[in-house]
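Engineer: A predicted structure for the sequence below; I have some questions about it.
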Amino acid sequence: MSVPADAPVLTADAMRAAEAACVAAGTTLAELMERAGAAVADTAWRMAAGAPILILCGPGNNGGDGYVAARRLAERGAAVRVAALTDPATELARAARAAWTGAVEAIDAVPSGAPLIVDALFGVGLSRPIADDLAAVLRRLSGRVLAVDVPSGIDSDGGADWMPPLVADVTLALGALKPAHVLLPTARSCGRVLLAPIGISADRAMRTLPRAPSQVPGPAMHKFSRGMVLVFGGPMRGAAGLAAAAALRAGAGYVVLDGSESATLLAIIAESDEKFGERLGDPRVGAVVIGPGFPAGEELLFAVEAALDSGKPLVLDAAAIDAALPRLSETPRKAILTPHEGEFARAFPGAYGSKIDRAKAAATRTQAVVVYKGADTIIAAPDGRVAAAWPGSPWLATAGTGDVLAGACGAMLARGGDAFDAAVAAVGWHIARAAHIGPGLVADDLIRD
Ligand SMILES: NC(=O)C1=CN([C@@H]2O[C@H](COP(=O)(O)OP(=O)(O)OC[C@H]3O[C@@H](n4cnc5c(N)ncnc54)[C@H](OP(=O)(O)O)[C@@H]3O)[C@@H](O)[C@H]2O)[C@H](O)CC1
Ligand SMILES: [K+]
């Protein structure tokens, strides 16, 4: 399972708006469908490698893409069969089907599948789960599957958890990725997601993570200008120690761990917490990390209140998120919240819609960047920017990796610059490091060289 880096992600409505803008700029819908069909044909040609291809066409323009692909594949000499659910319901699809000169079989008469099945049944226009009888027919088919735009049967906006009867080996996203490609549970059914640019402009869209940038310090950098991070450690020393070490490993030049007598790395300055308030006033501190290893209680509330009063850029994790919530949006500040599923549900009860919708709502409410963690981590900024981190790294599903991410967010935030960019860089660093370590990863490995 994979998605292209730094690719646009559009909802169905945004897709239609982008399509309309493209048409207004002079490209016809027929041309868009021809480009889409050509991209499907090219991908199918490569996947089939000369073996027979079965194309399943639905009633809408997703089906239209399928008819265009069938015609182009036949023109190249591929062995193509087409099966349709019903007659085309759109003018574009009717024209595409009319241009296909081969036979069109009834889908429920298709016996067993083909080496390559092109799923052009439904795309972003699916309005309800696929009917059981059709689902049963599809489940009987065997062969590798290329899904056109999305695997048929899923809600492309990622709001409903309808699952597709045909799990795709490859999904060819047309014009932009869709939320369902980067959100669970549907992302697991998309296989390798490829993007077919068809002339749709998606500049203001949500995006998938960019490739992790290299962090080579500039020649004039010194330990403080690389960023000084203050980690306020709670009673659970290990978690705060992981966060402090991660801040160093992720590029901070100077890390102070308050509230601990010792630290995981000698380069970390371990201090007792008597002077936490004083250290918050140190102008060199570029970011404060609170939450790792810090259960709810008076001491945490005191630390969070002091940190909020200081106006310093903040990374808040776990119970520190709840402690800060009442005051977060009162004054604009750079802040990154890093809740996992349970912490998000506790902090933002009643949030609804897709994970992207909920992350955006939380960012708006708190006026902070929200890193809504999971295998399908979503990063949302108060100004509407969104980054999707799917598929992340499966090795991160282990204790302590959240503490490491909080520390990495501190490092990126302490460098100065935009809080959303800092969170994106931290999540990218975290995933790249985990992918490099791989099987057997424990959180301590993420902070070892
Ligand atoms: N956006 C672009 O730039 C381009 C998109 N292309 C392709 O077009 C599809 C979207 O096409 P659209 O016609 O809007 O929708 P679909 O093809 O997904 O299908 C909608 C039709 O299916 C019917 N429907 C919906 N749900 C079901 C269901 N569960 N069972 C049966 N039928 C269903 C629906 O009718 P209803 O009125 O019953 O809802 C429609 O008839 C996009 O995904 C791309 O593949 C262009 O080709 C290229 C540019
Ligand atoms: K499809």
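Structural biologist: Received it, and whenever you're ready, just let me know what you need. Ligands and ions are numbered 1, 2, ... in the order given.
Engineer: next, count neighbours for the spatially closest residue to Pro210 that is not a sequence neighbour.
Structural biologist: Nearest non-adjacent residue to Pro210, counting by CB to CB, 6 or more residues apart in numbering: Asp6, 4.2 Å away. All C-beta atoms are positioned from the backbone trio N, CA, C, and that covers glycine. By other CB atoms under 10 Å, 10 other residues sit near Asp6.
Engineer: quick one: contacts of the lowest-mean-pLDDT helix or strand in the chain?
Structural biologist: Ranked by mean pLDDT, DSSP states H and E, the weakest helix or strand in the chain is strand 269-271, scoring a mean of 79. With contact meaning CB atoms under 8 Å, 6 or more residues apart in numbering, strand 269-271 is reached by Tyr254, Val255, Val256, Leu257, Asp258, Gly259, Ser260, Glu261, Ser262, Ala263, Arg279.
Engineer: for the residues you listed, give me JSON lines that also has pLDDT, distance to ligand 1 and neighbour count.
Structural biologist: Below are these laid out as JSON lines (pLDDT from 0 to 100; distance: CB to the nearest ligand atom, whole Å; neighbours: other CB atoms under 10 Å):
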{"residue": "Tyr254", "pLDDT": "90", "distance to ligand 1": "50", "neighbour count": "22"}
{"residue": "Val255", "pLDDT": "94", "distance to ligand 1": "48", "neighbour count": "30"}
{"residue": "Val256", "pLDDT": "92", "distance to ligand 1": "52", "neighbour count": "24"}
{"residue": "Leu257", "pLDDT": "91", "distance to ligand 1": "51", "neighbour count": "29"}
{"residue": "Asp258", "pLDDT": "86", "distance to ligand 1": "52", "neighbour count": "23"}
{"residue": "Gly259", "pLDDT": "76", "distance to ligand 1": "53", "neighbour count": "21"}
{"residue": "Ser260", "pLDDT": "72", "distance to ligand 1": "54", "neighbour count": "23"}
{"residue": "Glu261", "pLDDT": "70", "distance to ligand 1": "59", "neighbour count": "9"}
{"residue": "Ser262", "pLDDT": "70", "distance to ligand 1": "57", "neighbour count": "10"}
{"residue": "Ala263", "pLDDT": "72", "distance to ligand 1": "53", "neighbour count": "22"}
{"residue": "Arg279", "pLDDT": "87", "distance to ligand 1": "53", "neighbour count": "21"}
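Engineer: widest-spaced pair of the residues you listed?
Structural biologist: Largest separation among the contacts of strand 269-271 by CB to CB: Tyr254 and Glu261, giving 19.0 Å.
Engineer: can you list the buried residues in stretch 181-199?
Structural biologist: Using 16 or more other CB atoms under 10 Å as the test for burial, stretch 181-199 gives 181-183, 186-187, 189-191, 193-196, 198.
Engineer: for stretch 317-336, same thing?
Structural biologist: In stretch 317-336, residues buried by neighbour count (16+ other CB under 10 Å) are 317-325, 328, 333-336.
Engineer: now do it: distance to the chain's middle.
Structural biologist: Centre-to-centre, stretch 317-336 and its host chain are 23 Å apart (CA atoms, centre = their mean, to the nearest Å).
Engineer: could you do stretch 426-440 as well?
Structural biologist: The chain centroid and the centroid of stretch 426-440 are separated by 15 Å under CA atoms, centre = their mean.
Engineer: how about that stretch: buried residues?
Structural biologist: So for stretch 426-440, counting by 16+ other CB under 10 Å, buried means Ala426, Val427, Gly428, Trp429, His430, Ile431, Arg433, Ala434, Ala435, Ile437.
Engineer: make JSON lines out of these and add secondary structure, pLDDT and distance to Gly113.
Structural biologist: Formatted as JSON lines, those follow (DSSP: H, G, I helix; E, B strand; the rest coil; pLDDT from 0 to 100; distance: CB to CB, whole Å):
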{"residue": "Ala426", "secondary structure": "helix", "pLDDT": "97", "distance to Gly113": "44"}
{"residue": "Val427", "secondary structure": "helix", "pLDDT": "97", "distance to Gly113": "39"}
{"residue": "Gly428", "secondary structure": "helix", "pLDDT": "95", "distance to Gly113": "39"}
{"residue": "Trp429", "secondary structure": "helix", "pLDDT": "95", "distance to Gly113": "43"}
{"residue": "His430", "secondary structure": "helix", "pLDDT": "96", "distance to Gly113": "40"}
{"residue": "Ile431", "secondary structure": "helix", "pLDDT": "95", "distance to Gly113": "35"}
{"residue": "Arg433", "secondary structure": "helix", "pLDDT": "93", "distance to Gly113": "41"}
{"residue": "Ala434", "secondary structure": "helix", "pLDDT": "94", "distance to Gly113": "37"}
{"residue": "Ala435", "secondary structure": "helix", "pLDDT": "91", "distance to Gly113": "34"}
{"residue": "Ile437", "secondary structure": "helix", "pLDDT": "91", "distance to Gly113": "39"}
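Engineer: make JSON lines out of the buried residues of stretch 317-336 and add pLDDT, secondary structure and distance to ligand 1.
Structural biologist: Below are the buried residues of stretch 317-336 laid out as JSON lines (pLDDT from 0 to 100; DSSP: H, G, I helix; E, B strand; the rest coil; distance: CB to the nearest ligand atom, whole Å):
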{"residue": "Asp317", "pLDDT": "97", "secondary structure": "coil", "distance to ligand 1": "39"}
{"residue": "Ala318", "pLDDT": "95", "secondary structure": "coil", "distance to ligand 1": "40"}
{"residue": "Ala319", "pLDDT": "96", "secondary structure": "helix", "distance to ligand 1": "43"}
{"residue": "Ala320", "pLDDT": "97", "secondary structure": "helix", "distance to ligand 1": "42"}
{"residue": "Ile321", "pLDDT": "97", "secondary structure": "helix", "distance to ligand 1": "37"}
{"residue": "Asp322", "pLDDT": "96", "secondary structure": "helix", "distance to ligand 1": "41"}
{"residue": "Ala323", "pLDDT": "96", "secondary structure": "helix", "distance to ligand 1": "44"}
{"residue": "Ala324", "pLDDT": "97", "secondary structure": "helix", "distance to ligand 1": "41"}
{"residue": "Leu325", "pLDDT": "96", "secondary structure": "helix", "distance to ligand 1": "39"}
{"residue": "Leu328", "pLDDT": "93", "secondary structure": "helix", "distance to ligand 1": "38"}
{"residue": "Arg333", "pLDDT": "89", "secondary structure": "coil", "distance to ligand 1": "39"}
{"residue": "Lys334", "pLDDT": "95", "secondary structure": "coil", "distance to ligand 1": "37"}
{"residue": "Ala335", "pLDDT": "98", "secondary structure": "strand", "distance to ligand 1": "36"}
{"residue": "Ile336", "pLDDT": "98", "secondary structure": "strand", "distance to ligand 1": "34"}
